[in-house]
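>>> Turn this into a model:
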Amino acid sequence: METQLSTFSSSHKLALTRVEAAKSLGVCALTVDRLAKRGLLRPSRATRRPLYPVWELERFLRETSEVIKL
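Purely as a prediction, here's the structure:
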């Protein structure tokens, strides 16, 4: 049985460093630190340095985006 990971090319990352996460969100790394401290972003602590899964960044954007009702 193939796993979903096999569909990713080697250029796709599953998680980003704080600097990469900041760049992808269009903010500075200090802002990412502040968001994590406030509990709005939840990094993985599986390694010494926090990693931000791509799905976590997407969740953050979904939950903090204003919903426009027509």
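>>> Would you mind measuring from the spatially closest residue to K13 that is not a sequence neighbour to S44?
In this structure, K13 finds its nearest non-sequential neighbour in V54, 7.0 Å apart by C-beta to C-beta, 6 or more residues apart in numbering. Using the backbone N, CA and C atoms, a C-beta is placed for each residue, glycine as well. Per C-beta to C-beta, to the nearest Å, V54 is found 11 Å from S44.
>>> surely L25 meets V19?
No. Using C-beta atoms under 8 Å, L25 makes no contact with V19, being 11.0 Å away.
>>> How many residues are close by the residue nearest to K13?
V54 has 15 neighbours, counted by other C-beta atoms under 10 Å.
>>> In this structure A22 contacts R34, no?
No. Between A22 and R34 there is no contact under C-beta under 8 Å: 10.7 Å.
>>> Which one of the two is surrounded by more residues?
With neighbours defined as other C-beta under 10 Å, A22 and R34 compare such that A22 has more, 19 against 13.
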